[in-house]
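Trainee: coordinates only, no sequence provided:
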């Protein structure tokens, strides 16, 4: 996908699942490198619930729970939530390893997504606190950073690389 290109939510979902399946296959074959960052990708429709300003945190906490996803979310290094507003996708990454929320956006006009991202972060924090009352993660103290992926020299989630297993 190029910057300012079109992509639909089903393709976003498929790419996230493809990355998770590739990692699972490598893990089963013993091919994951030491120190590999564990990650989880939420589907677009679930992630979009976190953008709603008045969404019930209890309802959202169910989406984060061990019973819903099959593992403890606070054992992941990265959790990705693809979000959409004003014709652009952006990615909210909960970086548990570095203890911060990263908002990855395909341009530098952060004012277009700032409110939407902050609502999603606030909702995620509240829902996480409900779902993981006894977690070692202090979700409330995690800071937020906004990064433009179009001006970055690093490879972020907008650049997928698949390797043969």
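Mentor: Yep, that arrived. From a predicted model like this one, the values you see are computed outputs, not experimental measurements. Numbering: from 1, shown residues only.

Trainee: report the central residue of this structure.
Mentor: In the chain, the C-alpha nearest the mean C-alpha coordinate belongs to residue 80, at 1.2 Å (CA atoms, centre = their mean).

Trainee: check the gap between that residue and residue 116 for me.
Mentor: Look at residue 80 and residue 116: by CB to CB, to the nearest Å, they are 16 Å apart. Quick note: C-beta positions are derived from backbone N, CA and C, even for glycine.

Trainee: surely the residue nearest to the centre of the chain meets residue 13?
Mentor: No - shown here, residue 80 and residue 13 do not form a contact pair, counting by CB atoms under 8 Å, at 11.4 Å.

Trainee: re earlier: partner residues bridging the residue nearest to the centre of the chain?
Mentor: Residue 80 has the following beta-bridge partners by DSSP bridges: residue 41, residue 93.

Trainee: so what's it up against?
Mentor: Contacts for residue 80 (CB atoms under 8 Å, 6 or more residues apart in numbering) come out as 16, 39, 40, 41, 42, 91, 92, 93, 94, 157.

Trainee: tell me the most packed of those, by neighbour count.
Mentor: Tallying neighbours with other CB atoms under 10 Å puts residue 94 at the head of these, with 27 neighbours.

Trainee: pull the contacting residues for that one.
Mentor: By CB under 8 Å, 6+ apart, the contact list for residue 94 reads 78, 79, 80, 81, 101, 124, 142.

Trainee: still on that earlier bit, ok, so of the contacts of residue 80, who is nearest residue 138?
Mentor: Of all these, residue 94 has the smallest distance to residue 138: 12.9 Å, by CB to CB.

Trainee: got the buried residues for the helix or strand that residue 62 is a member of?
Mentor: Using DSSP states H and E, residue 62 sits within helix 57-64. Neighbour-count burial for helix 57-64, counted by 16 or more other CB atoms under 10 Å, picks out 57, 60, 61, 63, 64.

Trainee: does the first one touch residue 126 like I think?
Mentor: Yes - taking CB under 8 Å as the contact criterion, residue 57 and residue 126 are neighbours in contact, 4.0 Å apart.

Trainee: helices or strands next to the biggest helix by length in the chain in the packing?
Mentor: The longest helix of the chain (DSSP state H) is helix 9-28. Using 3 or more CB pairs under 8 Å, 6 or more residues apart in numbering; DSSP states H and E, the elements in contact with helix 9-28 are strand 39-41, helix 44-49, strand 78-85.
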